[in-house]
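> Any chance you could fold what I've pasted below:
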Amino acid sequence: MISARDALSLLKDGNRRFVSDDRNREAITGRVRRLQLTASQEPFAAILGCSDSRVPVEIIFDQGLGDLFVIRVAGNIVAPSLIGSVEFAAEQFGTRLVVVLGHTQCGAIGATLQQLQRPIENQSHNLHSIVDLIRPSIEGLLTTDLKHDLPALARAAVRANIRASVKHLRHGSDIIEQLIQKAGLMVVGAEYSLETGVVEFFDGVSERTS
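Presented below is the predicted three-dimensional model:
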């Protein structure tokens, strides 16, 4: 079992390789690796990320088959089925690091801000369910001076949503809470930059591990 801190180091090293374009895809996606995984898996980290096509989790962390347990949903929101998926990875595979990964220019965040500022009557019920989960974490920002600076508002909203999802995971499951307290599980927040390719870990990561 890989510890949470060691797993975090692996992700950071992988992202550095991605940014510098120093990757070896055959070593992590080739036939030998595929055959090794037919009987079992031991993903060293679980990533709750956004469905955005520009944020393919294994690629931006330069990881291969069997390395990551990836859960993707628009806006990296937390709902019961997603909590269950994290519980599954932590209990079944011994995964000790959970990362909530948001990203710059998130469409789900933009849709939520638009809905808060100018409600969309014809928005689908399904999309509205995503917006409703994001809304509580960012609507308070519209009462600050950020409302006069839309780019800054969007950046702050992405971070606020990530923090809310991290908090929800940490405290929305007895199983996850017990694993945090007794088994060294870490739940951290991070943001991927579409512009630079860099992932910044900023929530739940102490100076010692950052």
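> Please enumerate the strands of the protein.
Taking DSSP state E as the test, the strands found in the chain are 45-49, 68-72, 97-103, 186-192, 199-203.
> Need the winner for burial among those.
strand 97-103 (a mean of 27; mean count of other CB atoms under 10 Å). Yep, even glycine has a C-beta here, placed from its N, CA and C like the rest.
> Next, the angle from that one to strand 199-203.
Here the directions of strand 97-103 and strand 199-203 differ by 110 degrees (axes from the mean of the first three to the mean of the last three CA atoms, to 10 degrees).
> Pull the distance from strand 97-103 to the chain's centre.
Centroid separation for strand 97-103 versus its chain: 2 Å, with CA atoms, centre = their mean, to the nearest Å.
> same question for it, mean pLDDT?
Computed over strand 97-103, the mean pLDDT rounds to 98.
> Now do that strand: which elements does it pack against?
Judged by 3 or more CB pairs under 8 Å, 6 or more residues apart in numbering; DSSP states H and E, the packing partners of strand 97-103 are helix 4-20, strand 45-49, helix 80-93, helix 150-171, strand 186-192, strand 199-203.
> With respect to residue 133, which of these lies nearest?
Comparing those against residue 133 with CB to CB, the closest turns out to be helix 150-171 (9.0 Å).
> Which positions in that closest one come out as buried?
Neighbour-count burial for helix 150-171, counted by 16 or more other CB atoms under 10 Å, picks out 153-170.
> Enumerate every residue touching residue 158.
Shown in contact with residue 158 (CB atoms under 8 Å, 6 or more residues apart in numbering): 102-104, 106, 109, 191.
> where's residue 154 relative to residue 126, distance?
23 Å (CB to CB, to the nearest Å).
> Ok, residue 80 next?
For residue 80, the distance to residue 126 (CB to CB) stands at 16 Å.
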